[in-house]
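S.K.: Structure for the following, please:
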Amino acid sequence: MTPLSPPGARGGVWRVGASLTCGALTHAALYMDCITGAAWTFQPPADPEVRALAIAELYRHTNHGQPIWKLRAIGQDWTDGLDGLTRAHGVNVT
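M.R.: Residues are numbered from 1 along each chain as shown. A predicted model of the protein is given here:
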């Protein structure tokens, strides 16, 4: 997988490969933990029909004037790949 977002970015995007599906994600996992001991793990299903997958969004939030990191679970997939993902976010793909 190739990271497409710069260090310190608000979110992250990884490209698996144009010819691959999520069926190739046999050992993929997202693991997050924090200083409080809270932890979250997600392993996407190795679904050969899915060509694009949004698992979570990691972003900065201000709470009482202090910046903190937050994680929002998304859990959305598209069988038509990045074309479907971009259309779902209002981008016209031609």
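S.K.: Which parts of the protein are strands?
M.R.: Taking DSSP state E, the strands of the chain run over residues 2-3, 14-15, 30-33, 39-42, 52-63, 66-78.
S.K.: now what about stretch 38-53, what contacts it?
M.R.: Contacts with stretch 38-53, where a contact means C-beta atoms under 8 Å, 6 or more residues apart in numbering, come from 21-26, 28-33, 55-56, 71, 73, 76-82, 84-85. (Each C-beta comes from the backbone N, C-alpha and C, glycine too.)
S.K.: got the contact list for Ala73?
M.R.: By C-beta under 8 Å, 6+ apart, the neighbours of Ala73 are Phe42, Ile55, Ala56.
S.K.: and if you look at Asp77?
M.R.: Taking C-beta under 8 Å, 6+ apart, one finds Cys22, Asp47, Val50, Ala52, Leu53, Ala54 in contact with Asp77.
S.K.: how about a cut-off of 7 Å?
M.R.: Val50, Ala52, Leu53 (C-beta atoms under 7 Å, 6 or more residues apart in numbering).
S.K.: Switch the residues you listed over to CSV; also include distance to Thr62 and neighbour count.
M.R.: Formatted as CSV, these follow (distance: C-beta to C-beta, whole Å; neighbours: other C-beta atoms under 10 Å):
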residue, distance to Thr62, neighbour count
Val50, 35, 18
Ala52, 31, 20
Leu53, 29, 20
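S.K.: Which member of the residues you listed is positioned nearest Thr94?
M.R.: Distance to Thr94, by C-beta to C-beta, is smallest for Ala52 among the contacts of Asp77, at 17.6 Å.
S.K.: What residues are bridge-paired with that closest one?
M.R.: Trp78 (DSSP bridges).
S.K.: now swap in Thr62 and tell me
M.R.: Pro67.
S.K.: what about Gly75, distance to Leu30?
M.R.: 11 Å (C-beta to C-beta, to the nearest Å).
S.K.: Could you tell me which residues touch both of those two?
M.R.: Ile55.
S.K.: Tell me which of these two has more neighbours.
M.R.: More crowded of Gly75 and Leu30, by other C-beta atoms under 10 Å: Leu30, with 15 against 10.
S.K.: Narrow the contacts of Ala73 to those that are buried.
M.R.: Buried subset of the contacts of Ala73 (neighbour count, 16 or more other C-beta atoms under 10 Å): Ile55, Ala56.
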